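K.L.:
Sequence first, then the predicted structure:
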Amino acid sequence: MFLGIVARFLFASTFFKFSQIPPLMTRLYEDIAIAQSLVSGHGYSSPFFTESGPTAFIAPGYPLFLALIIKIFGTGSASAAVMILCQEIFSLFTLMLVMYVAQRQFGQETANLAGLICAVAPPMLAPPLLIWDTAFSALAVTGFFVSATGLSLARHRFIPAGAACALVGLTNPSLLPSLFALCGWVAWKTKILPWAGILTFCLLFSPWFIRNAVVMHSFIPFRSNFGFELWLGNHPGGDGGTDPSLSPWTNPTELRAFIAKGELGYIAERGRMARRYIADHPARYMTLTLSRVSKYWALAGDGFITAVDPIFALAIPGLVLLAKRRSEYLMVYVLPLLLFPLPYYFTHTDTRFRSAIDPLLTILAAYAIGTFLSWVHPRSRSADERVSGAEISLTSRPDHTR
């Protein structure tokens, strides 16, 4: 934990060049723009710092949190520092959960390796510096993962699980398929039909899409921006990544079109343009999709950090070993790794889009490293052998209570 704190402090200090953190308003993020609109009394609107009416461009969780911070600390460097501090705390809690689950599943050596990776690896250090929900999302996925691996969602605990799904969904709806899958897997394993949890989720999440139906005059259960995201990654001359020149943030023509057509009209038109391009160029779309898959897992696409990432390369043998030696845990790893990236394969990718599942990859990578070290030094028994030995000793111990 101490190493994680020091590494995060040094990384942040280096990133900001040992100077004051820039004010919030210098960052072109939709959540900051909406938060400023809320604080200014204009409601949940204007995702591009320009009066453009009500919005459902992103889910309300983080803009509301930001609005609270802005209300207390203003829009300068102090509020940016508070947000980054909160996100660093989320990151440190994620590190603790990673070590906890690694220790429970694979032993203390693997837990120490996983903690070391989480403490110093740049993909773990960078996300808290963004004023975005990335660090919170990683914590949420890891928390649900811990519950699922322990099968701890007993019948009465599906109610807080449903509430947690609603909270996370109102912050980052792209996590919901993975969280639903984990909850469904636990329900299947425990043979419990979680009606109370489902009802809790619906009750807590429904105000968002009810608001959208009333204010936006459209059924928008999650976010309104899918057509726009599809266009960013699939257009003539594009390479499948994020193209800033097409964003209202950087292109005045796009911003004028966004205001003139309205959010829903603009997004619907961009969605039609993207689908037309895909229909007219299926081979090119397949090439772009395969490129996005590669960039997503290699962390080699557009974004905060551009580098080939060894964590995924090490996680692959970890997953193979898991299937052979700890198959009871396999599905809880596979479900998030399979489901969470799907939207980014078809729209566009960015290095921060993988951060939510990086903690799971870290555990797998640490498991692979630990297994290799045990093979190199066979006199030190592996975690699997110790766990098996403990199970044998427990089952063979005489019963002195008779």
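P.N.:
Perfect, thanks for sending it.
K.L.:
Would you mind pulling up the elements that the strand or helix carrying Gly370 packs against?
P.N.:
Here Gly370 is covered by helix 358-376, with elements defined by DSSP states H and E. With contacts defined as 3 or more Cβ pairs under 8 Å, 6 or more residues apart in numbering; DSSP states H and E, helix 358-376 has these neighbours: helix 77-106, helix 108-120, helix 122-125, helix 134-149, helix 310-325, helix 330-339, helix 383-396. (Each C-beta comes from the backbone N, C-alpha and C, glycine too.)
K.L.:
and Tyr44, how far is that from Thr134?
P.N.:
When distance is defined by Cβ to Cβ, to the nearest Å, Tyr44 is 21 Å away from Thr134.
K.L.:
Next: Pro173.
P.N.:
Following Cβ to Cβ, the distance that separates Pro173 from Thr134 is 14 Å.
K.L.:
Tyr44 and Thr134 - which one has more neighbours?
P.N.:
A direct count of neighbours by other Cβ atoms under 10 Å for Tyr44 and Thr134 places Thr134 higher, at 25 against 21.
K.L.:
Trp375 - how many residues pack around it?
P.N.:
Trp375: 9 surrounding residues under other Cβ under 10 Å.
K.L.:
I figured Tyr329 hits Leu319, correct?
P.N.:
No - counting by Cβ atoms under 8 Å, no contact exists between Tyr329 and Leu319, whose distance comes to 10.4 Å.
K.L.:
Now the residue positioned nearest the centre of the chain: closest residue in space, sequence neighbours ignored.
P.N.:
The central residue of the chain, meaning the one whose C-alpha is nearest the mean C-alpha position (Cα atoms, centre = their mean), is Ala356 at 2.7 Å. Excluding the flanking residues, the one nearest Ala356 by Cβ to Cβ, 6 or more residues apart in numbering is Ser137, at 4.1 Å.
K.L.:
Same question for Ser174.
P.N.:
Take Ser174 and drop its neighbours on the chain: the residue closest to it by Cβ to Cβ, 6+ apart is Pro343, 6.0 Å away.
K.L.:
so what secondary structure elements neighbour the host helix or strand of that neighbour?
P.N.:
Pro343 is located in helix 342-346, with elements delineated by DSSP H and E. On a contact count with 3+ Cβ pairs under 8 Å, 6+ apart, helix 342-346 meets helix 226-233, helix 282-298.
K.L.:
can you pull the buried residues of it?
P.N.:
For helix 342-346, burial by neighbour count (16 or more other Cβ atoms under 10 Å) applies to Pro343, Tyr344, Tyr345, Phe346.
K.L.:
residues contacting the nearest residue to the last one once chain neighbours are set aside?
P.N.:
Translated: Phe346. Here the nearest residue to Phe346 in space, its sequence neighbours aside, is Thr289; by Cβ to Cβ, 6+ apart that works out to 6.4 Å. Each residue near Thr289 by Cβ atoms under 8 Å, 6 or more residues apart in numbering is listed here: Gly240, Tyr345, Phe346.
K.L.:
now do Ile278
P.N.:
With contacts defined as Cβ under 8 Å, 6+ apart, Ile278 is in contact with Asn234, Tyr285.
K.L.:
quick revisit: out of the helices and strands packed on helix 358-376, nearest to Leu10?
P.N.:
When the helices and strands packed on helix 358-376 are ranked by distance to Leu10, counting by Cβ to Cβ, first place goes to helix 122-125 at 8.9 Å.
K.L.:
what does that closest one contact?
P.N.:
Helix 122-125 has contacts (Cβ under 8 Å, 6+ apart) with 7-8, 11-12, 91, 95, 117-118, 299, 305, 307, 309, 311, 351, 354-355, 358, 362.
K.L.:
Any of those residues buried? List them.
P.N.:
The buried subset of the contacts of helix 122-125 - by 16+ other Cβ under 10 Å - is 7-8, 11-12, 91, 95, 117-118, 299, 309, 311, 351, 354-355, 358, 362.
K.L.:
I'd like to know which of those residues is nearest to Thr190.
P.N.:
Of all the buried ones among the contacts of helix 122-125, the one with the least separation from Thr190 (Cβ to Cβ) is Thr362, at 27.1 Å.
K.L.:
Do you know the pLDDT at that closest one?
P.N.:
For Thr362, the pLDDT comes out at 95.
K.L.:
For the spatially closest residue to it that is not a sequence neighbour, which residues are in contact?
P.N.:
In this structure, Thr362 finds its nearest non-sequential neighbour in Ile117, 4.9 Å apart by Cβ to Cβ, 6+ apart. Ile117 is in contact with Met124, Ile311, Thr362, Ala365, Ala366, counting by Cβ under 8 Å, 6+ apart.
K.L.:
May I see those organised as JSON lines, with distance to Ile278 added?
P.N.:
Rendered in JSON lines, the data for the contacts of Ile117 read as follows (distance: Cβ to Cβ, whole Å):
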{"residue": "Met124", "distance to Ile278": "35"}
{"residue": "Ile311", "distance to Ile278": "32"}
{"residue": "Thr362", "distance to Ile278": "35"}
{"residue": "Ala365", "distance to Ile278": "35"}
{"residue": "Ala366", "distance to Ile278": "39"}
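K.L.:
Nearest to Ser224 among the residues you listed?
P.N.:
Comparing the contacts of Ile117 against Ser224 with Cβ to Cβ picks out Met124 as the nearest, at 31.2 Å.
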